[in-house]
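**Student:** dropping the sequence and predicted coords here.
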Amino acid sequence: MATRRTLKGEKVTEKEDIAAIVPDTNPNGANPKNDSGGPAVPGSVIAKLLLFTLAMVVAPLGSYFLTVNAVFSGNTTFAGATAAVVANVVLITYVLVAMAEDTREQEEAKKSQ
Amino acid sequence: MSEVTEMNPIYAPFFGMAGVASAMIFSSMGAAYGTAKAGIAISGIGTFKPELIMKSLISVIMSGIIAVYGLVIAVLIAGDLGRKESSYSLFSGILHMAAGLSVGMTGLAAGYAIGLVGNAGSRAFLQQPKVFVGQVLILIFAEVLGLYGLIVALILNTKISG
């Protein structure tokens, strides 16, 4: 890391110089912090988190009220169980997405080495 | 709720309302503790490794599910409370309170466990990535405690609503 050369012959700022020496303060990780005012978090991550937030809020209650009269014809117990199952489905999907993201990052790190 | 008899006393709805409130309040207390305790650790490790935030957020999502359990039971009981054609018996009131307390208190316990496990697990995850699978398993076992309360509350609710 200390002998890493900057690509594209850019002007090395002091902060990046320190980051090249100390790996813990490296700003060029998976989510690079650019000082030019842009977002530090990539847009795909924000979209993913917004999607899961929306699903967590809407999906269980929405499935309850959709199924209570249409599917289970007023049986609130099955509709409540459906809401709980849907909430867990959202959770499992989130775990799978988080694990897939990790393996993808590892592959990218291997390719870059 | 028209007729007040010995089986349908005037104070019976109090227990039903207490069931709705305790289902929502206690499970939200558990979810809030879990979210806060895990959130402290996530912001702590996020300054070192931002790419771990996505995985560490699992405990926060599980805390949210605890609150959803309480919400489902609160909506169920509140739906039963509003029926005007039948009188509201003391049996129904106490049963609703049992359902609300079972989902609320198990939610409180599960949220507490999720908070502590999420906190320690996220910090350990910073040092050793292999902790992740074990952490998710422990979180699932903690969250299942709240699910048991939900199941008991749903079964209790079938005794009067059919």
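**Tutor:** Sure thing, it's come through.
**Student:** what helices or strands is the helix or strand hosting B:Tyr69 leaning on?
**Tutor:** B:Tyr69 belongs to helix B:58-81 when assigned by DSSP states H and E. Helices and strands touching helix B:58-81, by 3 or more Cβ pairs under 8 Å, 6 or more residues apart in numbering or on different chains; DSSP states H and E, are helix A:43-70, helix A:76-112, helix B:12-46, helix B:90-127, helix B:131-161. No exception for glycine: its C-beta is placed from N, CA and C like everyone else's.
**Student:** buried residues in the last one?
**Tutor:** Residues B:131-132, B:135-136, B:138-140, B:142-143, B:145-147, B:149-154, B:156-157, B:160-161 are the ones in helix B:131-161 that count as buried (16 or more other Cβ atoms under 10 Å in any protein chain shown).
**Student:** ditto for the shortest one
**Tutor:** Judged by neighbour count using 16+ other Cβ under 10 Å, the buried positions of helix A:43-70 are A:45, A:48, A:52, A:55-56, A:59-61, A:63-64, A:67-68.
**Student:** repeat for the fourth one
**Tutor:** Judged by neighbour count (16+ other Cβ under 10 Å), helix B:90-127 contains these buried residues: B:90, B:92-93, B:95-126.
**Student:** one more: the third one?
**Tutor:** Burial within helix B:12-46, assessed by neighbour count using 16+ other Cβ under 10 Å, is assigned to B:12-13, B:15-20, B:22-35, B:37-39, B:41-42, B:45-46.
**Student:** which pLDDT value goes with the residue of chain B found nearest chain A?
**Tutor:** Closest to chain A within chain B is B:Glu51: 4.1 Å, counting by Cβ to the nearest Cβ. Reported pLDDT at B:Glu51 in the predicted model: 82.
**Student:** can you count the residues close to it?
**Tutor:** 14 (other Cβ atoms under 10 Å in any protein chain shown).
**Student:** what about it, which SS state?
**Tutor:** Following DSSP: H, G, I helix; E, B strand; the rest coil, B:Glu51 is assigned to helix.
**Student:** around chain B, which positions in chain A sit nearby?
**Tutor:** Counting by Cβ under 8 Å from any Cβ of the partner chain, chain A comes close to chain B at A:24, A:29-31, A:40-41, A:45, A:48-49, A:52, A:56, A:60-61, A:64, A:75-77, A:80-81, A:83-84, A:87-88, A:90-91, A:94-95, A:98-99, A:101-102, A:105.
**Student:** go again using 6 Å as the cut-off
**Tutor:** Within chain A, the positions adjacent to chain B are A:30-31, A:56, A:60, A:76-77, A:80, A:83-84, A:87, A:91, A:94-95, A:98, A:101 by Cβ under 6 Å from any Cβ of the partner chain.
**Student:** does B:Ile73 really touch B:Gly104, like I thought?
**Tutor:** No: with contact defined as Cβ atoms under 6 Å, B:Ile73 does not count as touching B:Gly104 (8.1 Å).
**Student:** now for those two: what residues contact both?
**Tutor:** With contacts defined as Cβ atoms under 6 Å, 6 or more residues apart in numbering or on different chains, the residues shared by B:Ile73 and B:Gly104 are B:Ala23.
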